[in-house]
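Undergrad: Just to be clear, the model below is a prediction. Sequence and coordinates:
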Amino acid sequence: MVTRMRQNDGEEKPGLAARLRREARGERPEFSAGFQTRLMRRIESLPESLPESLPRPMPALAGSQPAGHTGAASRLPVAGAAAVLLATLVLVTLSRGFGLQSPLAEPAAPSPAAVVASPQPDQQSVPGIESLPLFDEIDEGVRDGVRTLAASLVELPDWASLADFDAVALLAAAAGP
Amino acid sequence: MADGADLDDAELARRAATGCRDSFATLAMRYQVRIVHYVRQLAGRADRGDADDITQEAFVRAWRAIGSYDPRWAFSTWLFTIARRVCLNHARSARRRRVRDTAGASAAVTVADPSRAAVALERATRLWDVAAAELSEPQFSAVWLRYVEAKSPGEVAVVLGKPEATVKVILFRARRRLEPLVRDLLDWE
């Protein structure tokens, strides 16, 4: 009803509401194509073109690559898992001793692991390494690298050598091309 | 530019949320005039360019937040909510600028000046000029949304962010305030 409005959603009251509406409609601005064009240009120039609430693709995931693409990004999860494994390994190795001695610690007897470790790098075995987190997730080539690394850690002469230890380079070398 | 003119707002909003700019362009075209009209009235003291900029900003924010639109409410209600907030933020910024510019000259600039309102009222020749001069912002917005946009008190409550009962009181007081003024100034029957 144009000429009558309910007052407080109850009693009908003519006049003011209808007049307000009529006057507003009489002054209604026209559609502006310029406004629309400017708005859409602005939206297109936004740095992030998708609306905010959309989940954004993870740039490093293999799924974000075009089909058939197997570039460096697809190897990142493996390298990440290997890095986590390496860090865990170093911590476990150090916490168990493995023949290493802290400069602040008293000399200790050789650990069983040091005894088990083979002198030949290719056949070295460090107890417990197979049960480390993520070990099963990684490539066989990387596993070999980790085994070699663990064995070399066992043979490290002291804590000072750890400071010069380039774990990333060694891991990359072990993973191969 | 815009497709989907036959689709309803909720469907266009859903498509826009997946990144479809054409759907959003259709929504913008559908509501542009109504939002511009409201903002021009609400920001009536500012010039027209300001009002158009505010409206642009409101639509840009709507695009950015389109994924959070709840289709239980009319799209226009959501859009008016955004437009009102942008408009109020703009007014606050402008007021702060004015206060900075006149720092030391007058501490009363941020307070409503009755004499200024009286002058504005005296010059008013339109009903909405009277409303803009006499009503508080929530009263003005409530009256506009209720009588020009034909929103229900519940929808007005969403836009104002107040309970529906409060909106009914706001509308009642706004009408009570306007009626005698309109009668005097516009030869009210």
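TA: Sure thing, it's come through. Source: prediction; values computed, not measured.
Undergrad: Do I have it right that residue B:26 meets residue B:9?
TA: No: using C-beta atoms under 8 Å as the test, residue B:26 is too far from residue B:9 to be in contact (9.3 Å). For the C-beta atoms, the positions are set from N, CA and C on the backbone; glycine is no exception.
Undergrad: between the two, which one's more packed in?
TA: residue B:26 (22 against 19; other C-beta atoms under 10 Å in any protein chain shown).
Undergrad: Could I get the pLDDT score of the more buried one?
TA: Note on residue B:26: pLDDT of 94.
Undergrad: For chain A, see how far away it is.
TA: Note on residue B:26: its distance to chain A, by C-beta to the nearest C-beta, to the nearest Å, is 10 Å.
Undergrad: what mean pLDDT would you report for the lengthiest helix in chain B?
TA: Longest helix in chain B, counting residues (DSSP state H): helix B:75-101. Helix B:75-101 carries an average pLDDT of 86.
Undergrad: and that helix, is it in reach of chain A?
TA: No: applying C-beta under 8 Å from any C-beta of the partner chain, one finds helix B:75-101 separated from chain A by no less than 12.8 Å.
Undergrad: Can you spell out which helices and strands pack onto that helix?
TA: Counting contacts by 3 or more C-beta pairs under 8 Å, 6 or more residues apart in numbering or on different chains; DSSP states H and E, helix B:75-101 packs against helix B:9-17, helix B:21-42, helix B:48-64, helix B:153-160.
Undergrad: measure the residue lying closest to residue B:23 once chain neighbours are set aside to residue B:160 for me?
TA: For residue B:23, ignoring the flanking residues on the chain, the nearest one in space by C-beta to C-beta, 6 or more residues apart in numbering or on different chains is residue B:15 at 3.8 Å. Residue B:15 sits 29 Å away from residue B:160 when distances are taken as C-beta to C-beta, to the nearest Å.
Undergrad: Outline the domain layout of the chain.
TA: Picked chain A for this. For chain A, the structural domains run A:1-44, A:73-175, going by automatic domain parsing.
Undergrad: The chain in question should be chain B.
TA: Taken from automatic domain parsing, chain B resolves into B:1-111, B:113-189.
Undergrad: got CSV for the ones you listed, with distance to residue A:139 too?
TA: Below are those laid out as CSV (distance: least, C-beta to C-beta, whole Å):
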stretch, distance to residue A:139
domain B:1-111, 37
domain B:113-189, 56
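Undergrad: and the gap between residue B:36 and residue B:19?
TA: Distance from residue B:36 to residue B:19, by C-beta to C-beta: 25 Å.
Undergrad: which of these two has more neighbours?
TA: residue B:36 (25 against 14).
Undergrad: For residue B:53, see how far away that one is.
TA: From residue B:36 to residue B:53 the distance is 11 Å (C-beta to C-beta).
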